[in-house]
Each structure stands twice: as structure tokens, then as C-alpha cells.
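Student: just a sequence and a predicted model for now, questions to come.
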Amino acid sequence: MTFKFLPLAFIGFFAFLTSQEGFATDKEAPLKELTGAGATFPYPLYAKWAEAYQKQTNTQLNYQSIGSGGGIKQIKAGTVNFGASDKPLDEKDLNESKLMQFPAIIGGIVPIFNIKGIDQLTLDGQTLGAIFAGKITKWNDAALAALNPGIRLPDEAIVVAHRSDGSGTTFLFSHYLFDVSNDWKTAQGWDAKNPDKVKPDSTAQWPNGSVAGKGNEGVAGLVSHTPNSIGYVEYAYATENKLTHVVLKNKDGEVVEPSAEAFSAAAENVDWSKSPSFYMIMTNQPGKKSWPITGASFILLRTEESYADKNKDVCQFFHWAFKNGQEMATTLHYIPLPASLVTLIEKAWQNHKIAPKS
């Protein structure tokens, strides 16, 4: 039996495509396969879940880590059993596309940097937005120096690293910067006279001289190998690749480190029961311990009756993950969904008549 996971080019993170020798027998039930595509944000965890699930159930999950934009396109086209996106779809888009969604995991996005001889850097929303908007272009800028007393920042140009693909990670990062940085909003074409014309999206406008990588792994690789660079990735990519991350001032003015506890503190502010379609964005949440760029990653399913059987199989996988995969989630610094949210998700499955067997 083979376990198939199709990651993008990766910088020594996970090697899958493994062989489970000696597991299959002639009496074993036929191999069942599920296909999914989308967000790179949850990929490390989905890979761990899929490997363990296959060992227990003989069901193979083939997940392509191609970015949220690609996942949305593929599920809308019906070419995969489920899509995955860190950018939730609003109710109008869900209805028009005949889709439903539910959150699967919660995590954090962290700015990462590569400055020789420096292993700590404090930023706030205004300075982070100014860097990614191209307004702050040198590491020794006075605004950065003021936030980092005692650290000799170099007189070097900042290299911004960002996603090249349609990305839910970019959407969450941009959504946060829209909240806290006028420089970022202006760089995206925002106009106070017509504030709804430009909104955060899975792509963005970047400064001249920036570099782009595909997937979280691509950005992590760029920052790792580019001196004086800064980028943004899901936290597991930073920790597993031993990349140096920024600490941020949050909405309450407290300087916080990214951690499972900080992501959980932000998530505690969210009331999922107020959103039947599970549309929820949790960036820039209040709380002294809250990490300001926290978000959920979502699963997208088609709602037509012809997809019901496969949808049940997909829901069976996530039912198993919610019940058995919490330790794997916390090991990778994700936040398992609270029991109250899992109950809401299971009710949504029942409403769509795709609830798995208990």
C-alpha cells in the first residue's frame, strides 16, 4: 500500500510518498482513495493525519499542497473530493458555487526574517505594513530602531519575500495589515472615498525588488537563503525549518511571541455559532496574550447529491481527525478545534446529509 501526498518543492520539511510494507493482505478491503487540494498552511498536519488514518482504515488521502486559490478552483471544477482554503468563502460565493465549508484547524502566521547576527526583532502592525508596502526600505530605519533598542540593525536594503500563488496565507496576512497599516492599504489601492472597492485578497501588490515563492515552503526557502529578507509563513514552517521569527505588538499593545497558547488566546474571542456558513476571520483579536495573525483553515465540499458518498468519506476522515488527531496538531503548533465547534460542524454535516458513521 502506498501513502500518497503531493507536496511542492520543500526545504527539508516532510518526505512522504512512503510505503506501508506488509500491511495489505488478500482479505483486506479494497483501497479507498480521497483527493484534495489547496492550502499549504495546514499541509504538515494533514500529512500527519493522513498517514495515521491510512494505517487504521486502509483509506489513502492524496492531497496536493498548491495554495488556497488552486484548491478553490479545483473544488469548484469538481476535480477533487475536497478543497482547502485559509480564505473562507462568503455565503453568496458558497451558494453560487454549490459549496459548503467548515474549519478544520486553527494556527498562526508569522513574519520570518534573515539578518546576519540578529535573532530577535520586534515589530508592530504599522512597521510591518510599511515594510511590505515598500515604505520602509532599510533595516536601520528609525521606526524599526525605536522598536528594537539595543539592537544594531544593519544599513542594508530590506528584501520582501511573498507568495507567487493565490494564497489564503496572503489573504490572512493582508487582512491583518488592512486593519493596522494605512501604508499597506494605500499600496493596495485603497481609497477612503470608496473604501469597499479594494479589500484583502489572496494576491496583493508588492514593492519593487521583492521576491516570490510558491507555497509556504517556497517563501520559507527564499527567506532562509536570502540575506536581509523578510517574509511570512504558517508557524509550523518556521519552527520545523528553524527560521527566525518576528515578535509582534498586538491589539492590546503587548509584545507577544507566536505560540499555540497565543493562537488559542486569539481564537477564544470568536463565536462560531453566529456564522452558519462558518465564515470567520480572527486576525487582530483583542487580548494581552493574543497573536494578531491567527486564522482557521477551511475544507470546501460540493453540495450536489451526486457528491454525497464521497463527501461522507471526506467527513469520516475529518471526524476521525477531530477525535484522534489533537496530539498531532499540538505537536506541530496548531490549535485543535474546541468541542463546541466540532459539534456545530457535525450538525452542518447532518443538515447536508453527509454525516459519517460515528
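Tutor: Yes, it's here.

Student: just give me the residue closest to the centre of this protein.
Tutor: The centroid of the chain falls nearest to F41 when counting by CA atoms, centre = their mean (3.2 Å).

Student: let me know the pLDDT of it.
Tutor: Looking at F41, its pLDDT stands at 92.

Student: tell me the contacts of it?
Tutor: Shown in contact with F41 (CB atoms under 8 Å, 6 or more residues apart in numbering): S68, D86, G107, I109, G168, T169, N216, E234, G295, S297. Where you see a C-beta, it was placed from the backbone N, CA and C, and this is true even at glycine.

Student: what about A265, which helix or strand?
Tutor: Assigned by DSSP states H and E, A265 falls within helix 260-267.

Student: check P207 too.
Tutor: Applying DSSP H and E as the criterion places P207 outside every helix and strand.

Student: for it, give me its contacts.
Tutor: When contacts are counted by CB under 8 Å, 6+ apart, P207 touches F132, A133, G134, T137, V160, A187.

Student: with N250 as the reference, measure out to it.
Tutor: P207 is 25 Å from N250, where distance means CB to CB, to the nearest Å.

Student: tell me which helix or strand in the protein has the weakest average pLDDT.
Tutor: Sorting the helices and strands of the chain by mean pLDDT, DSSP states H and E puts strand 18-19 at the bottom, at a mean of 32.

Student: which secondary structure elements does the next helix or strand after it contact?
Tutor: Of the helices and strands lying after strand 18-19 in sequence (DSSP H and E), the nearest is strand 32-38. For strand 32-38, the elements it packs on are strand 59-65, helix 68-77, strand 82-85, helix 308-324, judged by 3 or more CB pairs under 8 Å, 6 or more residues apart in numbering; DSSP states H and E.

Student: output those in CSV, with distance to D141, mean pLDDT and mean neighbour count appended to each entry.
Tutor: Shown next, in CSV, are the helices and strands packed on strand 32-38 (distance: least, CB to CB, whole Å; pLDDT from 0 to 100; neighbours: other CB atoms under 10 Å):
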stretch, distance to D141, mean pLDDT, mean neighbour count
strand 59-65, 35, 95, 22
helix 68-77, 32, 96, 23
strand 82-85, 35, 97, 29
helix 308-324, 44, 97, 19
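
Student: with distance to N228 added, can I get the ones you listed in JSON lines?
Tutor: Compiled in JSON lines, the helices and strands packed on strand 32-38 are given as follows (distance: least, CB to CB, whole Å):
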{"stretch": "strand 59-65", "distance to N228": "28"}
{"stretch": "helix 68-77", "distance to N228": "29"}
{"stretch": "strand 82-85", "distance to N228": "32"}
{"stretch": "helix 308-324", "distance to N228": "40"}
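
Student: V180: which of these is closest?
Tutor: helix 68-77 (22.0 Å; CB to CB).

Student: kindly calculate the angle that the closest one makes with strand 32-38.
Tutor: Put simply, helix 68-77 runs at 130 degrees to strand 32-38, going by axes from the mean of the first three to the mean of the last three CA atoms, to 10 degrees.

Student: tell me which residues are up against helix 68-77.
Tutor: Under the criterion CB under 8 Å, 6+ apart, residues 36-39, 41, 64, 66, 80, 82-87, 89, 97, 99, 165-169, 171, 202-203, 300-302 lie in contact with helix 68-77.

Student: go again using 6 Å as the cut-off
Tutor: With contact meaning CB atoms under 6 Å, 6 or more residues apart in numbering, helix 68-77 is reached by 37-39, 80, 83-87, 97, 166-168, 202, 300.

Student: fine by me, we can end here.
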